[in-house]
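**Q** Requesting a structural model of the entry that follows:
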Amino acid sequence: MEIVCNQNEFNYAIQLVSKAVSSRPTHPILANILLTADQGTNKISLTGFDLNLGIQTSFDATVTKSGAITIPSKLLSEIVNKLPSETPVLLNFDDRSDNILIKSDKGSFNLKGIPSEDYPNLPFVESGNSLSIDPSSFLKALKLTIFSSSNDDSKQLLTGVNFKFNLKCLESAATDGHRLAVVSVDNKENFEENLSDEENLSVTIPTKSLREIEKLVSLSTSENSIKLFYDKGQLVFISSNHIITTRTLEGSYPNYSQLIPDTFSKLFTFNTKRLIEALERIAVLADQQSSVVKIKLGEKNLALVSADAQDIGNANELVPVSYDFDHFDIAFNVRYLLEGLKVISSQNVIFKCNLPTTPAVLVPEDNINSLTYTYLVMPVQVRS
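**A** Residues are numbered from 1 along each chain as shown. Below is the predicted model:
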């Protein structure tokens, strides 16, 4: 195998696929990146696969001889990253000795590879469901929910985001047991082949995989659609230059819609930016101890936002608010509140509550039919 490629493009591709290389491989070859060069297309393909998450990307190069080899990911990444930017990189592989020569105008490196025949194939879905999805819609649904997933591995199903695909909409949801984020994106621009009008494809994708999927889908936003294939716990995303495959989380995702109250007795509206800024200042004290921030509605058109860190200090700030009822006090974990507010792009946010001990729901004031967002957060009970 003989290739010449651009250092910047090579380095970028290595950084992408190395996210799917195992840090604790069960077999030595899983610590490697698979490099395949095709003389017919003048393309190089790189693959990383830890048996759960797989990433493949390709880019243009000059290929004078086709071939394939796996190369230690960490070494390859460090070497290519330190080569002069935008310079040509020559890579030569001797299939008799498995030696790889990497050469630039600043020097050369010799590495020992492992034959590509031993590298596991990326799983491809041959049957099951296939869809074409709009990259922008998928990214919106992902960014509005991913932060609410759980970090607790004992709650395995909650360590991912649930996606429901059908002809009418794309819906995503994530919860960690303390808060719930749900978004529905109009699916008119999307089409798919194997679902009926009323049928849903429901999959729960691990958050770790989604963080890498998010990066790759972001690179495909100029495309009209990306292909998605699903069968037997395996999900594959395919765009023009990238393939990413991931296992899904097994089990039925909780019926989250029943957690959202049907009616609310108290509605109050904040300017989103002003509330975020006030909460960030109050959080300096709240984070010192319990992370609890209190919101007290009593003065006309003003809310008292406060935090009390015993033996350390306290903080409070008046924030403009609009409401039409008497007094109401409620408290939240300040981090949960801020994370939900920061993904809301609407100028104003509406809080919907019943009691200080029952779930509160935050919605953008300009929730529209094409995208509706709901963020439910459990209040914190505070002793008087």
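**Q** can we go C-alpha only for contacts and neighbour counts from here?
**A** Fine.
**Q** packing partners for whichever strand in the chain runs longest?
**A** Longest strand of the chain, by residue count under DSSP state E: strand 313-323. Where contact means 3 or more C-alpha pairs under 8 Å, 6 or more residues apart in numbering; DSSP states H and E, strand 313-323 is packed against strand 266-271, helix 272-286, strand 302-309.
**Q** buried set for the helix or strand following it?
**A** Reading on from strand 313-323 to the C-terminus, the next helix or strand found by DSSP states H and E is strand 328-333. By neighbour count on 16 or more other C-alpha atoms under 10 Å, the buried set for strand 328-333 is Ile330, Ala331, Phe332, Asn333.
**Q** can you pull out the strands in the stretch 51-200 of the chain?
**A** Listed in chain order, the strands of the stretch 51-200 of the chain (DSSP state E, counting those that start in this stretch) span 53-60, 62-65, 67-72, 88-94, 99-104, 107-112, 129-133, 160-165, 169-175, 179-186, 191-192.
**Q** So, low pLDDT: which residues of the chain?
**A** Along the chain, the model assigns pLDDT under 70 to residues 126, 187-199, 221, 369, 384.
**Q** so what are the domain limits for it?
**A** 2-118, 129-257, 260-377 (automatic domain parsing).
**Q** want to try TSV for those, with distance to Arg383 as columns?
**A** Formatted as TSV, the domains of the chain follow (distance: least, C-alpha to C-alpha, whole Å):
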stretch	distance to Arg383
domain 2-118	46
domain 129-257	19
domain 260-377	11
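**Q** So Val4: helix, strand or coil?
**A** Following DSSP: H, G, I helix; E, B strand; the rest coil, Val4 is assigned to strand.
**Q** Excluding sequence neighbours, find me the nearest residue to it.
**A** Leu90 (4.5 Å; C-alpha to C-alpha, 6 or more residues apart in numbering).
**Q** these two touch, right, the one you found and Glu2?
**A** Yes - applying C-alpha atoms under 8 Å, one finds Leu90 in contact with Glu2, separated by 7.5 Å.
**Q** mind checking how far the nearest residue to Pro115 once chain neighbours are set aside is from Val349?
**A** Among residues not flanking Pro115 along the chain, Ile69 sits closest, at 5.4 Å (C-alpha to C-alpha, 6+ apart). To Val349, Ile69 is 54 Å away according to C-alpha to C-alpha, to the nearest Å.
**Q** Over to Ile79?
**A** 49 Å.
**Q** Of these two, give the one with the bigger neighbour count.
**A** Val349 (22 against 13; other C-alpha atoms under 10 Å).
**Q** now the helix or strand harbouring the more buried one against strand 266-271, angle please.
**A** Under the criterion of DSSP H and E, Val349 resides in strand 348-353. Orientation note: strand 348-353 sits at an angle of 160 degrees relative to strand 266-271 (axes from the mean of the first three to the mean of the last three C-alpha atoms, to 10 degrees).
**Q** which other helices and strands contact strand 348-353?
**A** The contact analysis (3+ C-alpha pairs under 8 Å, 6+ apart) places strand 348-353 against strand 266-271, strand 360-364.
**Q** Neighbouring strands - and their directions - for that strand?
**A** Strand 348-353 has the following sheet partners, assigned by DSSP bridges: strand 266-271 (antiparallel), strand 360-364 (antiparallel).
**Q** now the longest strand of the chain, how far from the centre of its chain.
**A** On the basis of C-alpha atoms, centre = their mean, to the nearest Å, strand 313-323 sits 33 Å off its chain's mean C-alpha point.
**Q** Check which residues of that strand are buried.
**A** Quick answer for strand 313-323 (16+ other C-alpha under 10 Å): Ala315, Asn316, Leu318, Val319, Val321, Ser322, Tyr323.
**Q** outside of that strand, which residues touch it?
**A** 267-271, 274-275, 278, 282, 285, 301-308 (C-alpha atoms under 8 Å, 6 or more residues apart in numbering).
**Q** count of residues packed around the nearest residue to Ser346 once chain neighbours are set aside?
**A** Sequence neighbours aside, Pro364 is the residue nearest to Ser346 in space, at 5.4 Å (criterion: C-alpha to C-alpha, 6+ apart). Pro364 has 22 neighbours, counted by other C-alpha under 10 Å.
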